[in-house]
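J.: need a 3D model of the following:
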Amino acid sequence: MTAVIAAACTFPSGPTLALADIAHYLQFSLTRKHLQWTDRCRIPVKACYFPEIASAPLDERFRLLLRQVLMDLMNSLPGLRQTPPAQVGLLLPPLNRPGIDPTLTQAAQEAVVENTGWNNCPVTALHGGRAETVALMKKLTETPLPEGAVSVLLAVDSWLSPPTLKWLEEENLLHGAHRLYNRIARENPYGRVPSEGAAALVIASSSGKYSPWCHIRGTGQATENIRYSDEGVCLGAGLRAAAFRALETAKITSLHHIVSDANGEPYRADELGFTLSALGEYIDDDMIRETPVLASGDLGCASLLMHIALTAWRLHASEQPGDTLLLSSSDDGQRSAIVMSGRAEE
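T.: Purely as a prediction, here's the structure:
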């Protein structure tokens, strides 16, 4: 069992975790037309973005997003200013995604050190989709650390670079993009609302001197063989397997909340629907489904960690245990699930 000591996140309609929680509750999104970038019909792309960095290159966006989330994290846990974490894990977008350059790795690692002063703290970077959050978390928790030491898990992403937006449009994944049909520009009603943001989590094998916000009771990983670009319906075999592994590890019998990264793609809607049907024994009429993307837009590889941060905030503020299952799927077929609870033991 892993203790969550503190958390933080930032996205356009929720620049701090407290504001992100409000935006999520109200489903408040800052989706607007971009001032510079257009689709193939020369119509402005709709996206969630920070106006002050609308024209910034991707490395500068990552630096500023990491700065914001690290400031929020250290305000939440001031002890990090005096006692650095034993290690930092940093999740970045996959290198095979258009617009993602290998130099972003160094830029992001430097941003972590510059904004915290953690000069002697190792920063391990991993490139992957949102579901890779669990793999990086397991790597951190399985590393032997001194008693009372904590680890910091970070994730940052932005879809708002021209090559990435072009790729989304070519893959028919860009929500609101236009195509000509009988000489009429028609809008794509499905797909992802591109966004940008970052999230952070402080974790430890035991709470030590800190009072934990909540606990991660179980995780699960699996692989889905049917991808978004394949023909046929995704029946959710991978996501279902990851969910059952997490639930079996957590040893719970019912769920209060289920958080998904469904983002407007029919593919993910099918996957989630079949997965929820299989989880019927854990679900009752009072179960609450959450879809944070309605407020944040699609945050790419930072999505799952942002969902963990929002869940940790809710559990920290609630007197109920609120067993929560978080589901995540990546474009490369990786699937992950996490069970979180406000209590430490049964």
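J.: how many other residues sit next to Pro85?
T.: 24 (other Cβ atoms under 10 Å). The way it works is simple: take the backbone N, C-alpha and C, and place the C-beta from them, glycine included.
J.: give the contact list for it.
T.: 118, 121, 149-152, 202 (Cβ atoms under 8 Å, 6 or more residues apart in numbering).
J.: most neighbours among those, which one?
T.: Sorting those by how many neighbours each has (other Cβ under 10 Å) puts Val152 first, at 28 neighbours.
J.: in three-state terms, label it for me.
T.: Using DSSP: H, G, I helix; E, B strand; the rest coil, the structure places Val152 in strand.
J.: quick one on the thing from earlier: please identify which of the contacts of Pro85 is nearest to Gln68.
T.: Distance ranking of those against Gln68, using Cβ to Cβ, places Val152 first at 15.1 Å.
J.: how close does the closest one sit to Leu276?
T.: Look at Val152 and Leu276: by Cβ to Cβ, to the nearest Å, they are 32 Å apart.
J.: show the low-confidence segments of this protein, by residue range.
T.: Scanning the chain for pLDDT under 70 picks out 207, 321, 343-346.
J.: hey, where'd the helices end up in it?
T.: 17-26, 58-76, 79-82, 103-116, 132-141, 162-170, 237-250, 266-278, 293-296, 303-317 (DSSP state H).
J.: can I get the ones you listed in JSON lines including distance to Arg179 and mean neighbour count?
T.: Shown next, in JSON lines, are the helices of the chain (distance: least, Cβ to Cβ, whole Å; neighbours: other Cβ atoms under 10 Å):
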{"stretch": "helix 17-26", "distance to Arg179": "31", "mean neighbour count": "18"}
{"stretch": "helix 58-76", "distance to Arg179": "26", "mean neighbour count": "21"}
{"stretch": "helix 79-82", "distance to Arg179": "48", "mean neighbour count": "13"}
{"stretch": "helix 103-116", "distance to Arg179": "31", "mean neighbour count": "18"}
{"stretch": "helix 132-141", "distance to Arg179": "32", "mean neighbour count": "21"}
{"stretch": "helix 162-170", "distance to Arg179": "9", "mean neighbour count": "17"}
{"stretch": "helix 237-250", "distance to Arg179": "30", "mean neighbour count": "22"}
{"stretch": "helix 266-278", "distance to Arg179": "17", "mean neighbour count": "18"}
{"stretch": "helix 293-296", "distance to Arg179": "23", "mean neighbour count": "25"}
{"stretch": "helix 303-317", "distance to Arg179": "26", "mean neighbour count": "26"}
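J.: between the ones you listed, which gets nearest to Val339?
T.: Of all the helices of the chain, helix 237-250 comes closest under Cβ to Cβ, at 3.8 Å.
J.: that closest one vs helix 266-278, what angle?
T.: Orientation check (axes from the mean of the first three to the mean of the last three Cα atoms, to 10 degrees): helix 237-250 against helix 266-278 gives 40 degrees.
J.: could you dump helix 237-250 to PDB, C-alpha only?
T.: Below are the C-alpha coordinates for helix 237-250, written out as PDB (Å, rounded to 0.1, in the frame of the first residue of the first chain):
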ATOM      1  CA  ALA A 237     -10.300  -6.800 -22.700                       C
ATOM      2  CA  GLY A 238      -7.100  -4.900 -21.700                       C
ATOM      3  CA  LEU A 239      -8.800  -2.300 -19.500                       C
ATOM      4  CA  ARG A 240     -11.000  -4.900 -17.900                       C
ATOM      5  CA  ALA A 241      -8.000  -7.100 -17.000                       C
ATOM      6  CA  ALA A 242      -6.100  -4.100 -15.500                       C
ATOM      7  CA  ALA A 243      -9.200  -3.100 -13.500                       C
ATOM      8  CA  PHE A 244      -9.700  -6.600 -12.000                       C
ATOM      9  CA  ARG A 245      -6.000  -6.900 -11.100                       C
ATOM     10  CA  ALA A 246      -6.200  -3.600  -9.200                       C
ATOM     11  CA  LEU A 247      -9.400  -4.600  -7.500                       C
ATOM     12  CA  GLU A 248      -8.100  -8.000  -6.500                       C
ATOM     13  CA  THR A 249      -4.900  -6.400  -5.000                       C
ATOM     14  CA  ALA A 250      -7.000  -3.800  -3.100                       C
END
